[in-house]
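Chemist: Okay, here's the prediction I keep looking at, along with the sequence it came from:
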Amino acid sequence: DVAGKVFRIGHLGMLTDVMALSGIATAEMVMADLGLPLTLGSGVAAAQDHYRHSIPAAQKAAA
């Protein structure tokens with residue numbers, strides 16, 4: 001059902017939220033260059049919102 005609609009971003013080893021945001025931003029730029037209809041920054045903004053609300057405050061402070 002999702003063939004041609006999703007892709008996976010893989011990594012080896014540690015991946016921080018900042019690293020993931022960079023990858024999402026890059027994917028957005030590529031999709032825009034390919035002519036796909038999207039608003040640049042929308043995926044990054046959604047990920048930022050998720051990270052800000054899902055990571056415990058103590059863990060944020062230690063980072």
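Modeler: Everything's here; your move.
Chemist: Packing partners of the helix or strand where H53 lies?
Modeler: H53 belongs to helix 42-54 when assigned by DSSP states H and E. Packed against helix 42-54 by the contact rule (3 or more Cβ pairs under 8 Å, 6 or more residues apart in numbering; DSSP states H and E) you find helix 17-33. Quick note: C-beta positions are derived from backbone N, CA and C, even for glycine.
Chemist: Low-confidence ranges, the chain, go.
Modeler: Residue ranges of the chain with pLDDT under 70: 57-63.
Chemist: swap the cut-off to 90 and go again
Modeler: 1, 4-17, 51-63 (pLDDT under 90).
Chemist: and the spatially most central residue of it, what does it touch?
Modeler: In the chain, the residue lying closest to the centroid (Cα atoms, centre = their mean) is I24, at 3.6 Å. By Cβ atoms under 8 Å, 6 or more residues apart in numbering, the contact set of I24 is I9, G43, V44, A47.
Chemist: Which pair of these spans the longest distance?
Modeler: By the measure Cβ to Cβ, I9 and V44 form the most distant pair in the contacts of I24, at 13.1 Å.
Chemist: Looking only at neighbour counts, state which of the two leads.
Modeler: For I9 versus V44, neighbours defined as other Cβ atoms under 10 Å are more numerous around V44 (17 against 10).
Chemist: Quick check: that one touching A27?
Modeler: No: using Cβ atoms under 8 Å as the test, V44 is too far from A27 to be in contact (9.6 Å).
Chemist: is it true that L21 touches D49?
Modeler: No: counting by Cβ under 8 Å, L21 sits too far from D49 to count as a contact (11.4 Å).
Chemist: Quick check on these two: which one has the bigger neighbour count.
Modeler: L21 (16 against 10).
Chemist: and the more buried one, what is it in contact with?
Modeler: By Cβ under 8 Å, 6+ apart, the residues touching L21 are V44, A47, Q48, Y51.
Chemist: and the second one, how many neighbours does it have?
Modeler: Spelled out, that is A47. Neighbours of A47 using other Cβ under 10 Å come to 16.
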